[in-house]
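# Need a 3D model of the following:
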Amino acid sequence: MSSGNNIYKYMTSDRKLNGENSKTETTSLINYFEKSTGVFNGDGVITQEQLRQIQQRAHAPKNIWHGFISLNKEMSYKIDTPEKCMRLVKRTFGEFFKDMGLYPNNIDLICALHKDKPHHLHIHFWFAEKEPKCKYRKKQTEYRHKGKIEKRVLDRMHVRLNMDISESHPRLYVSRDEALRELKKISALKDIITKDDVKEAVLKLAKTIPKSCSFHYGSKDMIPYREQIDKVVNKLLMYDKTARKANLRFHTELETVRRKVNSLISGNGDDTNHYKIDPKNITLIDDIENDYKRRQGNLLLKTVKYIKSETFETKIRHKVNDKGLKRRLAISYRKVGKLFDGLLASFGGESELLERDFTNRLQ
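Predicted coordinates for the structure are as follows:
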């Protein structure tokens with residue numbers, strides 16, 4: 001705990017917070033904070049009462065992690081005010097804690113902006129678990145025992161911070177005109193893929209998947225059918241212009257971010273990254289792409305499940321011109337047709353919502 005106190009005193013010293021030439025104890029940066037403690041986290045300024053509670057919790061025998069985010073002279077303006085620092089912390093530390101195997105809402109995090117070296121401003125941070133949540137061999141929960149942070153976690157945090165600080169980050173949208181130009185190249189696809197083609201593919205998929213399966217793209221049951229599901233989704237995209245435009249916008253955005261991430265990893269970007277990142281550790285873009293594909297598949301499977309339940313199937317032989325059979329087949333045909341029409345009517349709007357959600361995640 002003495003080391004924790006020493007770190008906190010170092011982080012909040014007037015000389016560090018306001019520059020090495022500072023002589024007064026209440027300078028502009030300190031006054032910037034309400035009832036200033038000189039410290040903050042992603043939720044805002046930490047009050048004296050909040051700090052007292054954090055210090056009380058820190059007396060428990062547990063790990064206390066400490067680190068810093070340091071920027072060069074050219075990029076230091078990105079964190080030259082507390083608001084900018086808070087925004088950076090809020091957007092990046094939650095995933096960092098998850099990668100470590102910690103619960104973000106169970107973390108005491110203290111940050112402080114240091115201006116004692118104007119040629120590279122830096123944020124010091126200190127964090128620890130609030131309550132014991134880990135389960136080891138004992139039945140009761142405990143604080144996390146291991147203190148080492150894996151390189152995979154650090155690599156992902158480096159990329160996350162670089163992407164957030166990057167000058168090109170504020171909006172990574174590619175020109176909408178460029179996306180529409182690409183769209184015009186495939187504008188004739190609706191003439192190639194007809195409504196009957198899509199319906200045939202959807203009904204064939206419904207017939208192929210057994211009723212006992214879990215109709216979720218990510219389930220193990222769907223592994224043998226995912227290739228077929230992807231093909232049907234592609235037919236829907238080729239038929240529906242609204243869905244096709246949304247899908248194109250997402251993939252254009254995805255590739256823009258992917259190129260930026262790859263540039264940061266390889267060190268070919270505008271900023272020199274002295275920290276060596278293992279590309280195998282950076283899977284976030286692929287994870288988002290796979291999750292997008294999963295959600296697209298679920299849009300289709302939601303309807304396929306109902307079509308499956310409404311499709312009349314019989315294994316017994318019926319009499320010729322069986323009126324009961326004809327009636328059940330007619331009802332089934334009508335219900336399946338309505339479900340399919342509903343899928344076509346909603347797929348474009350659902351695809352736009354999906355694209356908007358995932359584009360926000362990419363940002």
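# residue ranges of the helices in this structure, please?
Using DSSP state H, the helices found in the chain span residues 2-12, 14-18, 28-32, 48-57, 82-100, 151-165, 176-185, 189-192, 195-208, 226-239, 241-266, 284-310, 323-362.
# What's the mean pLDDT across the first one?
Here helix 2-12 scores 56 as its mean pLDDT.
# Could you do the third one as well?
The average pLDDT within helix 28-32 is 38.
# next one: stretch 282-295
89.
# ok, residues contacting that stretch?
155-156, 159-160, 217-218, 230, 250, 254, 257-258, 261, 265, 354, 358, 361-362 (Cβ atoms under 8 Å, 6 or more residues apart in numbering). All C-beta atoms are positioned from the backbone trio N, CA, C, and that covers glycine.
# related to what we said a few turns ago, want to try TSV for the helices of the chain, with mean neighbour count and distance to Asn106 as columns?
Listed next are these as TSV, based on neighbours: other Cβ atoms under 10 Å; distance: least, Cβ to Cβ, whole Å:
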stretch	mean neighbour count	distance to Asn106
helix 2-12	14	18
helix 14-18	19	28
helix 28-32	14	29
helix 48-57	14	11
helix 82-100	18	9
helix 151-165	19	17
helix 176-185	12	42
helix 189-192	12	50
helix 195-208	16	43
helix 226-239	18	36
helix 241-266	18	29
helix 284-310	18	23
helix 323-362	15	23
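# right, and those helices - which one's nearest Leu71?
Among the helices of the chain, helix 151-165 comes nearest to Leu71, with 6.9 Å by Cβ to Cβ.
# helices or strands up against the closest one?
Counting contacts by 3 or more Cβ pairs under 8 Å, 6 or more residues apart in numbering; DSSP states H and E, helix 151-165 packs against helix 82-100, helix 241-266, helix 284-310.
# Quick check: which ranges of the stretch 151-300 of the chain have low pLDDT?
167-192, 267-274 (pLDDT under 70).
# if you set the cut-off to 80 instead, what comes out?
Applying pLDDT under 80 to the stretch 151-300 of the chain flags the ranges 166-193, 264-275.
# Let's have the helices of the chain in a markdown table, adding distance to Asn72.
A markdown table is the format used below for the helices of the chain (distance: least, Cβ to Cβ, whole Å):
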| stretch | distance to Asn72 |
| --- | --- |
| helix 2-12 | 21 |
| helix 14-18 | 19 |
| helix 28-32 | 21 |
| helix 48-57 | 31 |
| helix 82-100 | 15 |
| helix 151-165 | 11 |
| helix 176-185 | 32 |
| helix 189-192 | 48 |
| helix 195-208 | 54 |
| helix 226-239 | 44 |
| helix 241-266 | 15 |
| helix 284-310 | 24 |
| helix 323-362 | 26 |
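# Return the distance of Leu109 relative to Cys134.
Leu109 sits 18 Å away from Cys134, taking Cβ to Cβ, to the nearest Å as the criterion.
# More neighbours: the two, which one.
Using other Cβ atoms under 10 Å, the more surrounded residue of Leu109 and Cys134 is Leu109, with 20 against 14.
# dump the residue contacts of the more buried one.
Asn41, Gly42, Val89, Phe93, Phe125, Trp126, Phe127.
# returning to that earlier point: let's have the helices and strands packed on helix 151-165 in a markdown table, adding distance to Pro210.
Shown next, in a markdown table, are those (distance: least, Cβ to Cβ, whole Å):
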| stretch | distance to Pro210 |
| --- | --- |
| helix 82-100 | 36 |
| helix 241-266 | 28 |
| helix 284-310 | 9 |
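# Nearest approach to Glu200 belongs to which of those helices?
helix 284-310 (12.5 Å).
# angle of the closest one against helix 82-100?
Counting by axes from the mean of the first three to the mean of the last three Cα atoms, to 10 degrees, helix 284-310 lies at 60 degrees to helix 82-100.
# Now find how far off-centre helix 284-310 is within its chain.
Offset of helix 284-310 from its chain centre (Cα atoms, centre = their mean, to the nearest Å): 17 Å.
# Ok, stretch 279-298 next?
On Cα atoms, centre = their mean, the centre of stretch 279-298 falls 9 Å from that of its chain.
# swap in stretch 115-122?
Relative to its chain's centre, stretch 115-122 lies at 31 Å (Cα atoms, centre = their mean).
# mind listing what Pro279 touches?
Asn262, Ile265.
# ok, now how distant is it from Thr141?
36 Å.
# Tell me which residue is most central in this structure.
By Cα atoms, centre = their mean, the mean C-alpha position of the chain lies nearest to Arg361, the distance being 4.8 Å.
# Let me see the contact set for Leu254.
Leu254 sits in contact with Ile285, Ile288, Glu289, Tyr292, Leu362, where contact means Cβ under 8 Å, 6+ apart.
# Distance check, it against Val233.
To Val233, Leu254 is 16 Å away according to Cβ to Cβ.
# how about the contacts of Leu254 in CSV, adding distance to Ile307?
Formatted as CSV, the contacts of Leu254 follow (distance: Cβ to Cβ, whole Å):
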residue, distance to Ile307
Ile285, 34
Ile288, 29
Glu289, 28
Tyr292, 24
Leu362, 33
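# And the furthest pair within these?
Checking those with Cβ to Cβ, the most distant pair is Ile285 and Tyr292, at 10.7 Å.
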